[in-house]
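Visitor: turn this into a model:
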Amino acid sequence: MTTRGKPQGIKPDSTNKPRFSLSFEENIANLEAAFTDCGDIVSKRFTAGKSNQVRAYIMYIDMMANSDLINNNVVFHLCRRLLDAPAALIQAKGDAFDPVGDGGVTALDYAESENLDEMTMAVLSGDTVLLLESFPKAVVIASKGFPTRGVQGAENEVVVQGPKDAFTESMRMNTMLVRRRIRDTKLKIKQLKVGQRSATDVALMYLDDVVRPEILKQVLSRIQNIDIDAILDAGCLQQFIEENWLSPFPQAQLTERPDKAASAVLEGRIAIIVDNSPFALLVPATMNIFFQSSEDYYDRWQIMSFVRIIRYFAGFLAVALPGLYLALATYHPSMIPMLLTFKMAASRLSVPFPAVIEIIIMELAFELLREAGIRLPGPIGGAIGIVGGLIVGQAAVEAGLVSPIVVIIVALTGICGFAIPNVSLVAGFRLMKYLVLALSAVLGLFGFWIALILILIHLVSLKSFGIPYLYPFAAGDITGYNDWKDSAVRFPLFTLWQRPFFASPRQRRRLNLNNTGNQRDKE
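Guide: Below you'll find the model as predicted:
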């Protein structure tokens, strides 16, 4: 991983911070000073007890904490507990009287704290801080209740057959969606905080006995070494943990599907859940994984293998088709059938630009239409993409700016990009397409092959947390080519009895053929 310099001055000032005091008023003053000019803070002083009243103070953030829980499980029961307590115990204020543990707070999840920084972070996270004059510690009550979007259907990774739920912006809800699918105590969730000012919660989910320890250690090290003021989305975290930041190809897989995340964890990979992001990061990642869809394992192997082959072919065309057309039409027309050559020449008689300018014009127009369709509201965006493409393409042909064959080439290239189930990989293909186009325009078919070889060399050199990016097509012999069964084609499920190379060597087997009823090939 490339070492990056850490900018200075991004950490909040940690000098001269006040500490927890035995003085009730001093602690309140320190807490209120930390949240000066914060209009969303709710703080309240109140007294509890009858003849010997005890002063109390409570603080939380409006709409981030569950006010019903605070009123019913904290304030109400605390007041009743102090009202019923003997005056002698209240005045003693010692270990004999515990107003919190003896029924004063009925919330199940609470902790005591003497650290003002912990209290401040708890309030910022949606919890509630309770101070009591008769209690030597503060009480931090888990009362998170901020609004969430709820579990909805997947929008980017749509499948016909399979689960329809998707991740949300709540980290804890996302971890629940994965744990719901893997009911195993070996499923561990290691929680970190990233960002000096955002303190974003990040959860690493993995199977303790299946994950490779060296990969887990490497992932933890890269995340812990991130020194930045804020992480607002999983995409930001992805850019910090990738090994080669110059590459246009993603080295971590983004997914919005809990079933895909659960499947990756079962294979020995690590799911990284970032709070406030509806996507999970799956590492390590290889190019083969980006061509896979959740639906591949929910339908029969024959049709899914056929679909996968189409995806690989579409990926090749998405990168190579414009450059190949340009090389053949400009430098090697003899390689095109004669009748097609005459058709192409006749369609270009009224075009004032060379073929390379034609393709660049239409490619940029297609990119603009793609961006316009994304940014506009849903119904309008779809209409812009379809109607705009038809109108622009037809008008450009009638005006003599481009030839019909170029419109077909560009449209087919775009369709091939949409056939790949991962948006991040398509973005890398979109950039590489222009490299192939540039070298083909200069050197013809020779430049076309040079561009493809350069891309292949780059892909071979990439690694994702120590795993070759082109695995299992490269280095597949380390598992006896067993992982080829789930690559360009998908073998029947009963033949995929081993986990991929990501898993620990001690936990490679995931299927006991003797108990499946399929006494077929074990290899």
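
Visitor: give me the domain ranges for the chain.
Guide: 24-141, 171-285, 297-467 (automatic domain parsing).

Visitor: of those, flag the one that's most buried.
Guide: domain 171-285 (a mean of 19; mean count of other CB atoms under 10 Å). All C-beta spots, glycine's among them, are computed from the backbone N, C-alpha and C.

Visitor: hey, where'd the strands end up in this protein?
Guide: With strands called from DSSP state E, the chain shows them at 41-48, 54-61, 110-113, 128-132, 138-141, 187-194, 200-207, 253-255, 270-274, 280-283, 463-464, 467-468.

Visitor: of all those strands, which one comes closest to Gly480?
Guide: Of all these, it is strand 467-468 that lies closest to Gly480, at 16.0 Å by CB to CB.

Visitor: the closest one pairs with which strands, parallel or anti?
Guide: Sheet partners assigned to strand 467-468 using DSSP bridges are listed as strand 463-464 (antiparallel).

Visitor: report the helix or strand with the lowest average pLDDT across the protein.
Guide: Least confident helix or strand, the chain: helix 87-92 with a mean of 46, by mean pLDDT, DSSP states H and E.

Visitor: next one: Phe494 from Gly268, what distance?
Guide: Distance of Phe494 to Gly268, given as CB to CB, to the nearest Å: 20 Å.

Visitor: please read the previous query as pertaining to Glu243.
Guide: Taking CB to CB, one finds Glu243 at 19 Å from Gly268.

Visitor: on that earlier part again, can you list the strands of the chain in JSON lines and add distance to Leu220 and mean pLDDT?
Guide: Compiled in JSON lines, those are given as follows (distance: least, CB to CB, whole Å; pLDDT from 0 to 100):
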{"stretch": "strand 41-48", "distance to Leu220": "34", "mean pLDDT": "84"}
{"stretch": "strand 54-61", "distance to Leu220": "30", "mean pLDDT": "87"}
{"stretch": "strand 110-113", "distance to Leu220": "25", "mean pLDDT": "83"}
{"stretch": "strand 128-132", "distance to Leu220": "30", "mean pLDDT": "88"}
{"stretch": "strand 138-141", "distance to Leu220": "26", "mean pLDDT": "86"}
{"stretch": "strand 187-194", "distance to Leu220": "7", "mean pLDDT": "94"}
{"stretch": "strand 200-207", "distance to Leu220": "7", "mean pLDDT": "95"}
{"stretch": "strand 253-255", "distance to Leu220": "18", "mean pLDDT": "94"}
{"stretch": "strand 270-274", "distance to Leu220": "9", "mean pLDDT": "96"}
{"stretch": "strand 280-283", "distance to Leu220": "11", "mean pLDDT": "96"}
{"stretch": "strand 463-464", "distance to Leu220": "16", "mean pLDDT": "94"}
{"stretch": "strand 467-468", "distance to Leu220": "17", "mean pLDDT": "93"}
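
Visitor: show me the helices in the stretch 51-200 of the chain, by range?
Guide: Ranges of helices in the stretch 51-200 of the chain, per DSSP state H, counting those that start in this stretch, are 67-70, 76-84, 87-92, 116-124, 171-179.

Visitor: got it, and the stretch 201-350 of the chain?
Guide: Counting by DSSP H, counting those that start in this stretch, the helices of the stretch 201-350 of the chain are 213-224, 234-241, 258-266, 287-290, 301-330, 338-347.

Visitor: and Ala166, what's its pLDDT?
Guide: According to the prediction, Ala166 has pLDDT 91.
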